[in-house]
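> Model the structure of this input:
(2 chains)
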2 protein chains.
Amino acid sequence: MKIFTERSSIEQVEEGNRLAPKFDENGLIPCVTTDYESGEVLMHGYMNQEAFLKTIELGEAVYYSRSRKVLWHKGATSGLVQKVRELRIDDDQDAVWLRVEVIGGASCHVGYRSCFYRRVPVAEEASQAGDQQDGLTLEFTEKEKVFDPKQVYGDAPNPTQL
Amino acid sequence: MKIFTERSSIEQVEEGNRLAPKFDENGLIPCVTTDYESGEVLMHGYMNQEAFLKTIELGEAVYYSRSRKVLWHKGATSGLVQKVRELRIDDDQDAVWLRVEVIGGASCHVGYRSCFYRRVPVAEEASQAGDQQDGLTLEFTEKEKVFDPKQVYGDAPNPTQL
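The predicted structure is shown next:
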């Protein structure tokens, strides 16, 4: 079964009804994942060709982990599987949007519901915020973690890279 | 006024309250933009350091255009300015989420409200969808364009790259 089509023209890519994704120089396409009910952005990840195909096949989110350099079936370790309710592709087909239902209610390896648990002040707020000598002060939007990462991931290495 | 802080430890980046974004090897950070009211993902773009600072300063979305290689104050040509109602950063601070109000109601250069106007079938649906010899068939989620790109952008080159 053929899933991807070759990219032949801008018109075909933007106005056509064939899936013709563009993977970047590292073979990856970025993926935005939102909660199907609330619309909240849960995470921003990447897929390689195999992860994209697996996601379509399984109907569950499969990413490519850039830090671990492996296919990453979300929830395989934590149990926090993301069931794909809708998958969308953007105009030039170089970004993916997954609308998911999260088994367990959390998507962030730090323990929060969403990876985007901090707010950056903008405009007037930014000029008033925090200690101006030490950089802008972030505000936490989630007060408590949904789970304890140590209990869920044990001694697995933290994927965050400096 | 200092906006960004150096990245000194994983704990500081993930659990701290200082803005310490990571720009990739091309000097870019990906940005997801959603509609403040509906939660719909409108677009996926990139910011360089200058675009990020401008967005914070102005409270309006400023991106970096990879195809045109310039700072891109969204709406400067089209009038479709994105007012930032909330800006968030993710756990490892290598992705940005903008929640915006769009003057004019559309964000996509093709003329649609969202850039993500096509749905990719998954799981059982995928195995039934379209002509299997020719790749997966996409379904349009928006039936009509909000504006005519030719009227708005004139002869400006299309930013989509094959």
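> Return the set of buried residues in the lengthiest helix in chain A.
Secondary structure of chain A per DSSP state H: the longest helix is helix A:49-58. Using 16 or more other Cβ atoms under 10 Å in any protein chain shown as the test for burial, helix A:49-58 gives A:Ala51, A:Phe52, A:Leu53, A:Lys54, A:Thr55, A:Ile56. Any C-beta I mention is one placed from the backbone N, CA and C, and that applies to glycine too.
> For chain B, tell me which of the residues you listed show up nearby.
By Cβ under 8 Å from any Cβ of the partner chain, the members of those lying near chain B are A:Thr55, A:Ile56.
> do you know how far the residue nearest the centre of chain A is from A:Leu138?
Central residue of chain A (Cα atoms, centre = their mean): A:His44, 2.8 Å from the mean position. Distance, A:His44 to A:Leu138, using Cβ to Cβ, to the nearest Å: 17 Å.
> tell me which residues form a beta bridge with the residue nearest to the centre of chain A?
Counting by DSSP bridges, A:His44 is bridged to A:Val32.
> which residues sit in contact with it?
A:Pro30, A:Cys31, A:Val32, A:Thr33, A:Cys115, B:Pro30, B:Val32, B:Asp90, B:Ala95, B:Trp97 (Cβ atoms under 8 Å, 6 or more residues apart in numbering or on different chains).
> Try it again at 10 Å.
Shown in contact with A:His44 (Cβ atoms under 10 Å, 6 or more residues apart in numbering or on different chains): A:30-33, A:95, A:115-116, B:29-32, B:44, B:90-92, B:94-97.
> now swap in A:Glu40 and tell me
A:Thr33, A:Thr34, A:Ser107, A:Arg113, A:Ser114, A:Phe116, A:Thr141, B:Thr34, B:Gly39, B:Arg88, B:Trp97, B:Arg99.
> what about chain A, any weak spots by pLDDT?
For chain A, applying pLDDT under 70 flags the ranges A:129-132.
> the residue most distant from the middle of it, which is it?
Distance from the C-alpha centroid of chain A, by Cα atoms, centre = their mean, peaks at A:Gln133 (32.5 Å).
> Check which helix or strand the residue of chain A found nearest chain B maps to.
The minimum distance from chain A to chain B, using Cβ to the nearest Cβ, falls at A:Gly39 (2.3 Å). Assigned by DSSP states H and E, A:Gly39 belongs to no helix or strand.
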